[in-house]
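> Here's a sequence, model it:
(3 chains)
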Amino acid sequence: MITERIDFKKNSAEALGNPKLKKALVNFTDRSRASRQKAVSGVFEWEELRSEARGIKEEVIKNLDSYLLELEKSVTRVGGRVHWAKDAEEASAIVVNIARENNVRNVVKSKSMATEEIELNKHLISNGINTVETDLGEYIVQLCDDHPFHIITPAIHKTKEDISKLFSEKFGVPEYEEPQELTNIARKELREKFLSADMGISGVNFAVAETGTIAIVENEGNARLATTFPDIHVAIMGIEKIVPRFEQLSIFLSLLARSATGQKSSTYVSLITGPKREGESDGPRQFHLVFLDNGRSEIAKSEETRESLYCIRCGACINVCPVYRQVGGHSYGWVYSGPIGAIITPQLNDPQKTADLPFASSLCGACRDVCPVKIDFPHVLLSLRQKVVEETKGRANLPGFIEKTAFRIWSFVFSKPFYYNLAGKTMAFLQCLYQKDNELQGLPYPFSKWTREKNFPAFSRKPFREIWKEKYHGRNGVLR
Amino acid sequence: MISKGSKAFILQNLNFTSIKEEKSRKGREKTFSNSEFSIDQSKLEDDFIENFKMVSGEVHLLAEKEDLIEKINELIHEIGAQSVSFWNMESLKSLEFTSESDLANTDIGITGADFAIADTGTLVLLSGPKQPRLTSLLPPVHIAILKKETIVPNIHALFARLGKSYENYDKLCSCISFITGPSRTADIELNLTLGVHGPGRAIVVII
Amino acid sequence: MLRVFSGMGLEIEFPQNQTCCGQPAFNSGHRKEAEKVARHFLDVFGDADEAIVCPSGSCVSMVRNYYTQLFRDDPEALSRVEKVSSNIYEFSEFVFQRKETISLNSTYRGRVTFHDSCHALRELGISSQPRELIKSLNGVELVEMKMADACCGFGGTFSIKYPEVSKSMLQEKTDSIMNSGAEAVVSTDMGCLMNIKGLVSRKKLPVKVFHLAELLAFEGLK
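The predicted structure is shown next:
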């Protein structure tokens, strides 16, 4: 949960003032957009896959209660245990409890946004349990005590020089700069951690209700290690991650890899059904699945914004977002960034503290076009904006109050042609104070926000309707 | 903190509509098939090889299955491996090595592959008593032996095949691993590096 | 627009009491205020049997795609929305549908580049129509800029709420325009044009900013 108000303006100003970051963002977004485009164009039935996936998700969220019960039954049948967590605190407490009961000292984690959301590492570490992120990007982020910059590529804001210095400091190795060398160092460091771990924690990409299977998608192999090597596997899933039938995984797996990284398939997909079976030499003895609500069941109730729960966390919306491209991941102030952050963060947290986010979009709709489950981002953003406005009461929130008053006046003027004309003429008269070559500069607040950086067109002294009357009216398609 | 009431709370919250839609028990309405791929088995093989190579995988094609042991020996020699670990497979019975049990200190892991997907270049390995998961994961080199008749056109066909093999999902194996090339990451400035946690080399021998 | 329509032999009406579709308030979350202005729009245009042509895709999208939401509890308004939605057109879409009837005698000569307005492109599916119209002009060459479909940063009140972010997006857009080698940039949305022009003239960049209609009916130096 966030505790302080997310100040998008302040956060984004920091990012905009960092040219190194801007370069990294342009490089990253250009490349991920291009590779996604290439991967998607190779699938002739892409649109049908999207529609089918959306249809499945719509039905799942409407019947989520019975699907959760079905999933619980399936997991139990194959020898796993299900835990229900209504909020972040409870989810962490459940994991800490499992660790305590089994005298766990070392935990390896694979990348999971749900665990970021509940700040699981902090809880485990404060209970004396060593916890290591094993995804390379997350590991780098953890070593610098930072937060992920992107849901798929968390350390994309770090240059190889930064990482080289970091590794040198932490491990006493020379400052290698080749990414492959850096990767090799991380492999060596982390391999030790895997071999001494007694519990592995993972997220869940999809959970199949009918079989109790969870799907984990990755490229590095760290999730495979974390879910195979240690004796105990704890998987944490947002309750929206359900897919009803095993076969339906093929649709979601086809969509996810291409949307996320532009790969036809991620390097590793693990379909895990319960703990290891009799006679197997590897795999965990215990399998725990934690259902995390943390505000999701509230979202499911809202007809207007329910589709926020269809998200499969591919990050495609982030990679095409022109706002993210300027301001990067940390500006969104929480675990999820870009368009998905702008819609999810306000719904999983205090709306007052997150009121900036629904407005942090130009509503260009590029996100909607690439979303594999066709989330109508502009629609959800508009609905959240409406909610923010409706909850802004009185004069306590001054900018909100001013805006509300301005729109009241605006709606009055713009629904009465007489006043509309009058306003136009008044503006045309008043503007001489600011006019220069048929354009306006240095306008007063709030228009100063526009004219600080760019000119504003001047109002015509003669409104178009008058020109029209003189030159055109009643002449049946002939210009005078 | 941990409350027994959470399950009831969540379910209560989700009970927002009295008219629940009919659950999609009937399964997918549509069957997806990538028509670019014919059922022609040799085409599937070519596609698999092309796609597996595209993700930095290596492929060796054997004309005769009798050549397998010779090929494996050749690869072990080329890699300069001191130790190998392999699945208990009939086709590897005559290999002159003993399977190393300490996988963390083994140079090569050799496994079979239950299926492969042509249009993504993916190997599919099912876990079981004779098919440990770590053989394909811990050693720096993974060699998979693939029978060409197990290659399916695409992921939709694979799931259909799995569905047939598992009439009753109670018997679904504990882990199905999809492997598409060697372990990789792009976490450092989007530079591709191999072998971050899993094998840095993934080799398929097709018989 | 008038000159283009004249050239097409169309009869034109300009309702004197028209104002706005209500989108600025709607997009900022002020539904009640938006509804008030949108009702006025329906009063003015709701009974029209003629085609309603608008120089901005954004306004057309508001009417076509969002009025149903705004008036979802008002069946009477909804029936007018349905009628108006089937009659309203974005300029390039309208002209392109009747391209056989136009005789364009634009005197513009040179290289132009086209900026896709987000709402025309993604909410109305307009992409080829304006480009085809540009290409049909003699002596005009269309060069594509990098990321022609990227937002210019306008986004209505977004550009006032987060002017720095908006400016940064606009900067990329004008860089992309300048790098295309075109002497003019053309678009079909007054919002984008106002935004782009704002920076172009502040920075005195050597590029002209045109609405498609201005290009099609250009009467420059003869």
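> Now the helix or strand bottoming out on mean pLDDT in chain A: buried residues?
Within chain A, no helix or strand scores below helix A:464-471, which has a mean of 84 by mean pLDDT, DSSP states H and E. By neighbour count on 16 or more other C-beta atoms under 10 Å in any protein chain shown, the buried set for helix A:464-471 is residue A:465. Backbone N, C-alpha and C define where each C-beta goes, glycine included.
> got it, and stretch C:177-192?
C:177-178, C:180, C:182-192.
> Tabulate these in a markdown table, adding columns for distance to chain A and pLDDT.
Formatted as a markdown table, the buried residues of stretch C:177-192 follow (distance: C-beta to the nearest C-beta, whole Å; pLDDT from 0 to 100):
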| residue | distance to chain A | pLDDT |
| --- | --- | --- |
| C:177 | 14 | 98 |
| C:178 | 15 | 98 |
| C:180 | 17 | 97 |
| C:182 | 20 | 97 |
| C:183 | 20 | 97 |
| C:184 | 17 | 97 |
| C:185 | 15 | 98 |
| C:186 | 17 | 98 |
| C:187 | 14 | 97 |
| C:188 | 15 | 96 |
| C:189 | 12 | 96 |
| C:190 | 9 | 96 |
| C:191 | 10 | 96 |
| C:192 | 10 | 97 |
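> how far is stretch C:30-39 from where the chain is centred?
Centroid displacement of stretch C:30-39 relative to its chain, using C-alpha atoms, centre = their mean, to the nearest Å, is 21 Å.
> cool, stretch A:443-451 as well?
Relative to the mean C-alpha coordinate of its chain, stretch A:443-451 is positioned 32 Å out (C-alpha atoms, centre = their mean).
> Now residue C:158: phi and psi?
Backbone torsions of residue C:158, given as degrees, to the nearest 10, read phi -50, psi -40.
> what's the neighbour count on the residue nearest to residue A:354 when sequence neighbours are not counted?
Once flanking residues are discounted, residue A:354 sits nearest to residue A:346: 4.1 Å by C-beta to C-beta, 6 or more residues apart in numbering or on different chains. Counted with other C-beta atoms under 10 Å in any protein chain shown, the neighbours of residue A:346 add up to 27.
> Against which helices or strands is the strand or helix carrying residue A:346 packed?
Assigned by DSSP states H and E, residue A:346 belongs to helix A:338-348. For helix A:338-348, the contact count by 3 or more C-beta pairs under 8 Å, 6 or more residues apart in numbering or on different chains; DSSP states H and E identifies helix A:296-301, helix A:316-320, helix A:322-327, helix A:366-370, helix A:377-391 as packing neighbours.
> Next one: the helix or strand harbouring residue A:422, is it in contact with chain C?
Element membership of residue A:422, judged by DSSP H and E, is helix A:417-430. Yes: contact of helix A:417-430 with chain C (C-beta under 8 Å from any C-beta of the partner chain) involves A:417, A:420.
> how about that helix as PDB, C-alpha atoms only?
Coordinates of each C-alpha in helix A:417-430 appear next as PDB, following Å, rounded to 0.1, in the frame of the first residue of the first chain:
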ATOM      1  CA  PRO A 417     -24.900  30.500 -28.000                       C
ATOM      2  CA  PHE A 418     -25.400  34.100 -27.000                       C
ATOM      3  CA  TYR A 419     -22.800  33.900 -24.200                       C
ATOM      4  CA  TYR A 420     -20.600  31.800 -26.400                       C
ATOM      5  CA  ASN A 421     -20.500  34.600 -29.000                       C
ATOM      6  CA  LEU A 422     -20.000  37.200 -26.400                       C
ATOM      7  CA  ALA A 423     -17.200  35.200 -24.700                       C
ATOM      8  CA  GLY A 424     -15.500  34.800 -28.100                       C
ATOM      9  CA  LYS A 425     -15.700  38.600 -28.700                       C
ATOM     10  CA  THR A 426     -14.500  39.400 -25.200                       C
ATOM     11  CA  MET A 427     -11.500  37.100 -25.700                       C
ATOM     12  CA  ALA A 428     -10.700  38.700 -29.100                       C
ATOM     13  CA  PHE A 429     -10.800  42.100 -27.400                       C
ATOM     14  CA  LEU A 430      -8.800  41.100 -24.300                       C
END
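> Quick check: buried residues in it?
Buried, per 16+ other C-beta under 10 Å, within helix A:417-430: A:417, A:420-421, A:423-424, A:428.
> circling back: and the furthest pair within the buried residues of stretch C:177-192?
The span of these, defined through C-beta to C-beta, is set by C:183 and C:191 at 22.8 Å.
> Could you measure from the one residue in chain B that gets nearest to chain A over to residue C:40?
Nearest residue of chain B to chain A, counting by C-beta to the nearest C-beta: residue B:198, 2.8 Å away. From residue B:198 across to residue C:40, the span is 64 Å (C-beta to C-beta, to the nearest Å).
> Which of those two has more residues huddled nearby?
Each of residue B:198 and residue C:40 has its neighbours counted (other C-beta under 10 Å); residue B:198 has more, 29 against 22.
> chain center to stretch B:1-9: distance?
With C-alpha atoms, centre = their mean as the basis, stretch B:1-9 stands 39 Å off its chain's centre.
> Only the C-alpha atoms, please, for that stretch, written as PDB.
Below are the C-alpha coordinates for stretch B:1-9, written out as PDB (Å, rounded to 0.1, in the frame of the first residue of the first chain):
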ATOM      1  CA  MET B   1      -3.100 -10.700  10.600                       C
ATOM      2  CA  ILE B   2      -4.000 -14.100   9.400                       C
ATOM      3  CA  SER B   3      -7.800 -14.500   9.600                       C
ATOM      4  CA  LYS B   4     -10.000 -17.500   9.100                       C
ATOM      5  CA  GLY B   5     -12.600 -15.100   7.700                       C
ATOM      6  CA  SER B   6     -10.600 -14.000   4.700                       C
ATOM      7  CA  LYS B   7     -12.000 -16.700   2.400                       C
ATOM      8  CA  ALA B   8     -15.500 -15.800   3.300                       C
ATOM      9  CA  PHE B   9     -14.800 -12.100   2.900                       C
END
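> Mind listing what's buried along it?
Buried residues in stretch B:1-9 (16+ other C-beta under 10 Å): B:6-7.
> what residues does it touch?
Here stretch B:1-9 makes contact (C-beta atoms under 8 Å, 6 or more residues apart in numbering or on different chains) with A:84-86, A:89-90, A:93-94, A:97, A:293.
> Repeat the analysis, applying 7 Å as the threshold.
A:84-86, A:89-90, A:93-94, A:97 (C-beta atoms under 7 Å, 6 or more residues apart in numbering or on different chains).
> Now for the residues you listed: which two are most distant?
Once C-beta to C-beta is applied, those give A:86 and A:97 as the farthest pair, at 15.3 Å.
> Those two: which is more packed in?
When residue A:86 is set against residue A:97 and neighbours are counted by other C-beta under 10 Å, the residue ahead is residue A:86, at 21 against 14.
> wait, what's in contact with the more buried one?
Contacts of residue A:86 (C-beta under 7 Å, 6+ apart): A:293, B:6, B:9-10.
> what's the answer for residue C:96, then?
Residue C:96 makes contact with C:129, C:132-133, according to C-beta under 7 Å, 6+ apart.
> can you give me the strands for the stretch 201-350 of chain A?
Along the stretch 201-350 of chain A, the segments classed as strands by DSSP state E, counting those that start in this stretch run A:206-208, A:213-218, A:232-238, A:242-243, A:268-272, A:286-292.
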